[in-house]
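> Need coordinates for the following:
(4 chains)
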Protein chains: 2
Amino acid sequence: MGRPIVRLKDVADRTGFSVNTVSLALRGSPRIPEDTAIRIRDAARDLNYMPNQVAKSLVSRETKTIGLVLTDITNPALTQAAQSIELALAERGYSTLFATSNNDLEEEKRVIAMFQSRQVDGMLIYPRSHRDLAHIRQLRRANYPVVLLVADPDAGVDAVSVDERRGAYRAVKHLIDMGHSRIGIIDSSNPMGNHEKRDGYVLALTEAGIEPDGTMSADPQGHSVIRGYWAMDKLMRLANRPSAVFTANDSLAIGALRWTQKNDLRVPEDVAIVGFDNIEFAEHAATPLTSVNYEIKLVTDLAVARLIELIGTQGTLPDPSVTLIDPELIVRESTHRRP
Amino acid sequence: MGRPIVRLKDVADRTGFSVNTVSLALRGSPRIPEDTAIRIRDAARDLNYMPNQVAKSLVSRETKTIGLVLTDITNPALTQAAQSIELALAERGYSTLFATSNNDLEEEKRVIAMFQSRQVDGMLIYPRSHRDLAHIRQLRRANYPVVLLVADPDAGVDAVSVDERRGAYRAVKHLIDMGHSRIGIIDSSNPMGNHEKRDGYVLALTEAGIEPDGTMSADPQGHSVIRGYWAMDKLMRLANRPSAVFTANDSLAIGALRWTQKNDLRVPEDVAIVGFDNIEFAEHAATPLTSVNYEIKLVTDLAVARLIELIGTQGTLPDPSVTLIDPELIVRESTHRRP
DNA sequence: AGGCGCTGTATTAACGCTCATACAACGTCA
DNA sequence: TGACGTTGTATGAGCGTTAATACAGCGCCT
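Numbers count the residues shown, from 1 in each chain, chains lettered A, B, ... in the order given. This next block holds a predicted model:
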């Protein structure tokens, strides 16, 4: 709104050269002799000239901006991801436009369209659901660089993600190895959501000859501590309550742990708890939490690298590649008291 | 890179109208008759036309984008702030360009310059330090809309923030009221940093006739749980150890709490702990934490509202206004065991 | 001496859009 | 009937930048 803006033209007028000469000089063209360049640079500095990236983008047809779409940044795992994505992109000269879909599909579509309109060079998307990817697949088909941060081998879209199914499998397998057979799960995988973790849970159980029990499952409807608390409450009120619980993330696990404290149960003696993501608070919880760990930075670095690769592709994009990072289980006291 | 882009011209060619007519029709000008508009809109939809915001911005001289500069988004309080800022801006039609300064002044300057170059309509900044604001003050003088997320009444820049000094004062006053006089502080206020909280701490002590004791202070050099743990370790190894500790944020407090667990001290009987920010984990910590609470959404909403107001200002910006939100203390078991 | 290739600079045309203006075609009214 | 609005559409300029091209002046070679 009426803020003064210094343009190439102003530097040109000041020095007596043409706009084009100034542009070349400031970009260090070898065709401009050193003394001319110095005079122009001095004038530009005096006037506090800053190149207008908007105009530049219009010409170059690239904005050096990528769009990051998350469902909700307050999820600690996503916060970490956002941080390291921004860092990785900044290192490569890209800026990050950031938006949250608030777990709403329409909002997700709106945000993606808005980013397209803003001519972002590519997008990193943590989609609301694995099921509704049509709009993203369509982007890809329109030759638009996109990398998902959840992995669906059949999505037809590039993706880099931790192998959630495998992580969940490892966690539940560990509980089984510790002698548990009544194992509950706290995971908000509604029919439309991502059920990788639930799949891993079921796999570990059936593999061990344990019939998955539908009543041992609670949907926390969110990822916050308090949600975990109430989901745990539901599970532990069962007549045949679980002796161990697997939760889809550490915030839920901390909520579950909190429930045990309030109800004077010992962890892991009375009930064992495993989380997912291994956030900092997991290690330092009242009872240090066993949790599925993976290097978020590895995931985001690979995702960013792939995205940059796609952006740099001339012509048609290569076939989508899906990369799964293998997570490890960090065993702590919440499942295994050291003697 | 060579992605096909549908322009007004394409829609014009398809319909036989001129570019201008198409532009007017799509923007719903009353000069375009209804049937023409419908034909144009249909063609635009068929071609999947999306307006190019970059070109639009070049003409309108506004990008409908604001720049958000944070030191480090993994600080839970800042995460929350980022989330609600993005939401508030999106509601008003603005996109959020986001960058972290990683607590480095040069990086902060670089990011701000980059945002200027990208023609953001305004910026929200959580600066690295209260001391080095010259570059931001200069922005303001150049008539650029900026709102700080920390309050310094003398900064000469608009700001909206929680009153940290007052929050710290309340926290420490509470400890004094509970009978403590040996009160430690864990706060990373280096000479160049923000020492509002430390000021509030000192004020409460001196007001109560207690001489602040320099040895009762630990610099955690960060805001993570583990930093709090080691800072607590330093304080509790003192010959004359504190009976209560005030920490600059809840992560540090949880670290301190963790130290007490490992060292078999009871909270609050052996040592009381107060945090700041009242994050979700504070309430659900092993011992629920007393913490300074304030509505982050209120702070960010006011900051966004002020920023939008500045952006809408014609001509010279009004005098800077500084708004401080008054925080409250939430008392929980970490300072006061209920009988 | 005339042509050639440098060197340094300017001119022009884009990029996709909006705004101001132009202007035909038509109807209206004195 | 002819000047005058109104309606619908087109033309041209301009936003700040880059890229392609033009071109004047000079030294050098044959």
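> Distance-wise, check the nearest residue to A:K64 once chain neighbours are set aside relative to A:L139.
Spatial nearest neighbour of A:K64, chain neighbours left out: A:Y94 (5.4 Å); criterion: CB to CB, 6 or more residues apart in numbering or on different chains. (Each C-beta comes from the backbone N, C-alpha and C, glycine too.) Distance, A:Y94 to A:L139, using CB to CB, to the nearest Å: 18 Å.
> same deal with A:V331?
Distance from A:V331 to A:L139, by CB to CB: 41 Å.
> The two: which is more packed in?
Neighbour count, other CB atoms under 10 Å in any protein chain shown: between A:V331 and A:L139, A:L139 has more, with 21 against 17.
> Just the buried residues of the helix or strand harbouring that one, please?
Taking DSSP states H and E as the criterion, A:L139 maps to helix A:134-141. Buried residues in helix A:134-141, counting neighbours by 16 or more other CB atoms under 10 Å in any protein chain shown, are found at A:I136, A:L139, A:R140.
> what ranges do the helices span in chain A?
Ranges of helices within chain A are A:8-15, A:19-26, A:34-47, A:53-60, A:76-91, A:105-117, A:134-141, A:164-177, A:196-207, A:225-236, A:250-262, A:280-283, A:296-311, based on DSSP state H.
> Can you report how many residues lie near A:L302?
16.
> Quick one: residues contacting the residue nearest to A:K64.
Going by CB atoms under 8 Å, 6 or more residues apart in numbering or on different chains, A:Y94 touches A:K64, A:T65, A:I66, A:D121, A:I308.
> Save these as CSV, and put in distance to A:V322 too.
CSV is the format used below for these (distance: CB to CB, whole Å):
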residue, distance to A:V322
A:K64, 27
A:T65, 25
A:I66, 20
A:D121, 22
A:I308, 17
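> among the residues you listed, which are in strands?
A:T65, A:I66 (DSSP state E).
> Among the contacts of A:Y94, list the two that are farthest apart in space.
A:T65 and A:I308 (12.8 Å; CB to CB).
> So for the two, which sits in the more crowded spot?
Neighbours per residue (other CB under 10 Å) separate A:T65 from A:I308, with A:T65 holding more: 23 against 20.
> Confirm for me that that one is in contact with A:R92.
No. A:T65 lies out of contact with A:R92 (CB atoms under 8 Å); the separation is 11.8 Å.
> Would you mark the buried spots in stretch A:230-246?
Buried-residue list, stretch A:230-246, by 16+ other CB under 10 Å: A:W230, A:A231, A:M232, A:K234, A:L235, A:M236, A:P242, A:S243, A:A244, A:V245, A:F246.
> wait, does that stretch contact chain B?
No. For stretch A:230-246, no contact with chain B is found by CB under 8 Å from any CB of the partner chain; the gap never falls below 11.7 Å.
> Just the CA atoms of that stretch, as CSV, please.
The C-alpha trace of stretch A:230-246 is given here as CSV (Å, rounded to 0.1, in the frame of the first residue of the first chain):
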residue,chain,number,x,y,z
TRP,A,230,-9.8,-41.0,27.8
ALA,A,231,-9.1,-43.7,25.2
MET,A,232,-7.1,-45.5,27.9
ASP,A,233,-10.0,-45.1,30.3
LYS,A,234,-12.2,-46.8,27.8
LEU,A,235,-9.8,-49.8,27.4
MET,A,236,-9.1,-50.2,31.0
ARG,A,237,-12.8,-50.3,32.0
LEU,A,238,-13.2,-53.5,30.0
ALA,A,239,-14.0,-56.6,32.0
ASN,A,240,-11.2,-58.3,30.3
ARG,A,241,-8.8,-55.3,30.2
PRO,A,242,-5.5,-55.4,28.2
SER,A,243,-2.2,-56.1,29.9
ALA,A,244,-0.4,-53.9,27.3
VAL,A,245,-1.4,-51.0,25.1
PHE,A,246,0.0,-49.8,21.8
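> so where's the stretch 151-300 of chain A uncertain?
Scanning the stretch 151-300 of chain A with the threshold set as pLDDT under 70 gives A:190-193.
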